[in-house]
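1. Sequence isn't available, so here's the structure alone:
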């Protein structure tokens, strides 16, 4: 007996062509041809597997016309962003052949300054190269979520690690630098003698093919799932707790940090503790998950600054300068990930801070439409990496 095993809404890709509507992303067959039981292990002849199409390639169409990409290309490159090189432009246009307009509309509204991974990697390297940073004298560290979706081939972390060399992992759930002061001290002591440090930090959020924020279609899974799972889970738990207390006529307060006493759930407990103080205006935001993503950025930035400055004075024992790039990693099932830059600064051993954002990315985008005024523009872009 025939039965539909996988949702017909997901897609598979055929090499050298556009997406094929009606084919399952998991097994590569039309729903009407699927048998009862698990999907076939091998896709039909001529059809790439989901993993090959979405990770190893990761493009599905090459012959995209300018008409097809024209309405979407600016959202990949970023309005007003420095020009791409020929390789980036070709890959951007290829990737745009497989995106959904609903996802692109979401990107344009909520993450208007987001750029493709290759572009971010190049722009950061170009700016730092002019400042004396090189793979030979610089050690990279990243504070990003443990979720495997952040470590795909040819995306942000992979590209930067390939360019700069070794990558010291600072982050845990949601990208918060849970290694703390000791971890920052250890990282800094791996700096080449007289060299420099480069830190990328970024919470992440998914944007589904249908434009829903906080969702993503993962490789070889039929159902959509959350991204970031930790941030979305913490938010839902806090909203449920607030509703339960309100039903009893109790205002939700902030519990003491001493309540984080489950060592095996310390990271999610910390996230819930810090996030609960940032949700006052969430219901006034145009999109709740977008609001949470930006607040997770401020939460992560605060933790990073506290850990970095807490590691002084030994933090600069081997290197005289650190560059910090901060933003939001936007995971996409199709069309490649994007990175929303919100910060790019350097700090010297002598305490001199230099803002490199405008030089690298152009003027900050206006986030009034994205956040509806629930998070002030200045709170996101005017932060200065300086010891209090």
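-> Noted; the coordinates are in hand. Computed from a prediction, not measured in an experiment: that's the story for all the values here.
2. What segments of the stretch 201-350 of the chain are helices?
-> For the stretch 201-350 of the chain, the helices defined by DSSP state H, counting those that start in this stretch cover 229-247, 266-275, 288-310.
3. nearest to residue 101, of the ones you listed?
-> For those, proximity to residue 101 was assessed by CB to CB; helix 288-310 is nearest, at 18.4 Å. The C-beta positions use only the backbone N, C-alpha and C, and glycine is treated the same way.
4. Compile the helices of the stretch 201-350 of the chain into TSV and extend it with columns for mean neighbour count, mean pLDDT and distance to residue 105.
-> Formatted as TSV, the helices of the stretch 201-350 of the chain follow (neighbours: other CB atoms under 10 Å; pLDDT from 0 to 100; distance: least, CB to CB, whole Å):
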stretch	mean neighbour count	mean pLDDT	distance to residue 105
helix 229-247	17	82	21
helix 266-275	19	89	27
helix 288-310	22	96	13
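5. of all those, which lies closest to residue 207?
-> The nearest among the helices of the stretch 201-350 of the chain, by CB to CB, is helix 288-310 at 9.5 Å.
6. What helices and strands are in contact with the closest one?
-> The helices and strands touching helix 288-310, judged by 3 or more CB pairs under 8 Å, 6 or more residues apart in numbering; DSSP states H and E, are helix 180-188, strand 195-202, strand 204-207, helix 229-247, helix 266-275, strand 319-332, helix 368-371, helix 377-381.
7. rerun that using 6 Å as the cut-off
-> Contact partners of helix 288-310 among helices and strands, from 3 or more CB pairs under 6 Å, 6 or more residues apart in numbering; DSSP states H and E: helix 180-188, helix 229-247, strand 319-332.
8. Report the inter-axis angle for the longest one versus helix 266-275.
-> Pointing back at helix 229-247 there. Going by axes from the mean of the first three to the mean of the last three CA atoms, to 10 degrees, helix 229-247 is angled at 50 degrees with respect to helix 266-275.
9. Could you dump the helices and strands packed on helix 288-310 into CSV with distance to residue 124 added?
-> Converted to CSV, the helices and strands packed on helix 288-310 look like this (distance: least, CB to CB, whole Å):
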stretch, distance to residue 124
helix 180-188, 18
helix 229-247, 24
strand 319-332, 6
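10. of all the helices of the stretch 201-350 of the chain, which lies closest to residue 176?
-> Per CB to CB, nearest to residue 176 of these: helix 288-310, 5.3 Å.
11. which residues are contacting stretch 151-162?
-> Defining contact as CB atoms under 6 Å, 6 or more residues apart in numbering, one finds that stretch 151-162 is touched by 55, 117, 121, 142, 150, 167, 337, 339.
12. change it to 10 Å
-> 54-59, 91, 115-118, 120-122, 124-125, 135, 140, 142, 144-145, 149-150, 167, 169, 198, 200, 202, 204, 219, 325, 327, 329-332, 336-339 (CB atoms under 10 Å, 6 or more residues apart in numbering).
13. how far does that stretch stretch from start to finish?
-> From its first residue to its last, stretch 151-162 covers 12 Å (CA to CA, to the nearest Å).
14. What are the buried residues along that stretch?
-> Buried residues in stretch 151-162, counted by 16 or more other CB atoms under 10 Å: 152, 154, 155, 156, 157, 158, 159, 160.
15. JSON lines please, covering the residues you listed and showing pLDDT and distance to residue 248.
-> Converted to JSON lines, these look like this (pLDDT from 0 to 100; distance: CB to CB, whole Å):
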{"residue": "152", "pLDDT": "89", "distance to residue 248": "45"}
{"residue": "154", "pLDDT": "89", "distance to residue 248": "51"}
{"residue": "155", "pLDDT": "92", "distance to residue 248": "46"}
{"residue": "156", "pLDDT": "92", "distance to residue 248": "44"}
{"residue": "157", "pLDDT": "94", "distance to residue 248": "44"}
{"residue": "158", "pLDDT": "94", "distance to residue 248": "49"}
{"residue": "159", "pLDDT": "95", "distance to residue 248": "50"}
{"residue": "160", "pLDDT": "96", "distance to residue 248": "48"}
